[in-house]
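Asker: My questions concern the predicted model and sequence given below.
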Amino acid sequence: MDGWMDGWMDGWMDGWMDGWMDKWMDGWMDGWMDGWMDGWMDGWMDGWMDGWMDGWMDGRMDGWMDAWMDAWMDAWMDAWMDAWMDAWMDG
């Protein structure tokens with residue numbers, strides 16, 4: 001009885017586990033997990049990354065552009081005005 005039970009149960013369980021359970025788990029994992037992960041990645045991650053990138057990059061770029069442009073414009077205007085004023089005053 002033990003030999004028959006061991007053989008039959010092992011064979012049946014192995015077959016059932018390998019066949020039905022594996023297929024069911026694979027299908028469930030592929031379907032549900034892929035769908036859930038895709039949805040989560042597309043939704044939350046994209047939203048978070050977009051928001052973070054937009055905020056961080058915009059703030060950084062705005063700050064950099066403002067500082068760089070201000071410095072460049074100030075230097076250019078100062079040099080141009082100095083040269084123009086010198087030429088006008090000398091002339």
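Answerer: Received the coordinates, thanks.

Asker: in this protein, which helix has the most residues?
Answerer: helix 46-90 (DSSP state H).

Asker: Just checking the distance from that one to the centre of its chain.
Answerer: Helix 46-90 sits 29 Å away from the centroid of its parent chain (Cα atoms, centre = their mean, to the nearest Å).

Asker: could you give the mean pLDDT of it?
Answerer: Across helix 46-90, pLDDT averages out at 81.

Asker: name the helices or strands packed onto that helix?
Answerer: Applying 3 or more Cβ pairs under 8 Å, 6 or more residues apart in numbering; DSSP states H and E, we find helix 46-90 packed against no helix or strand. Yep, even glycine has a C-beta here, placed from its N, CA and C like the rest.

Asker: how far away is Trp16 from Met29?
Answerer: According to Cβ to Cβ, to the nearest Å, Trp16 and Met29 sit 18 Å apart.

Asker: Same question for Met41.
Answerer: From Met41 to Met29 the distance is 16 Å (Cβ to Cβ).

Asker: try Asp82
Answerer: 72 Å.

Asker: now do Trp36
Answerer: Distance from Trp36 to Met29, by Cβ to Cβ: 10 Å.

Asker: residues contacting Met57?
Answerer: With Cβ atoms under 8 Å, 6 or more residues apart in numbering as the criterion, no residue contacts Met57.

Asker: So for stretch 21-28, mean pLDDT?
Answerer: The average pLDDT for stretch 21-28 rounds to 75.

Asker: okay, it in CSV with CA atoms only?
Answerer: What follows is stretch 21-28, C-alpha atoms only, in CSV (Å, rounded to 0.1, in the frame of the first residue of the first chain):
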residue,chain,number,x,y,z
MET,A,21,-0.3,24.4,-10.9
ASP,A,22,2.6,25.6,-12.9
LYS,A,23,0.3,26.7,-15.7
TRP,A,24,-2.1,28.4,-13.4
MET,A,25,0.7,30.1,-11.4
ASP,A,26,2.5,31.2,-14.6
GLY,A,27,-0.8,32.4,-16.1
TRP,A,28,-1.8,34.2,-13.0
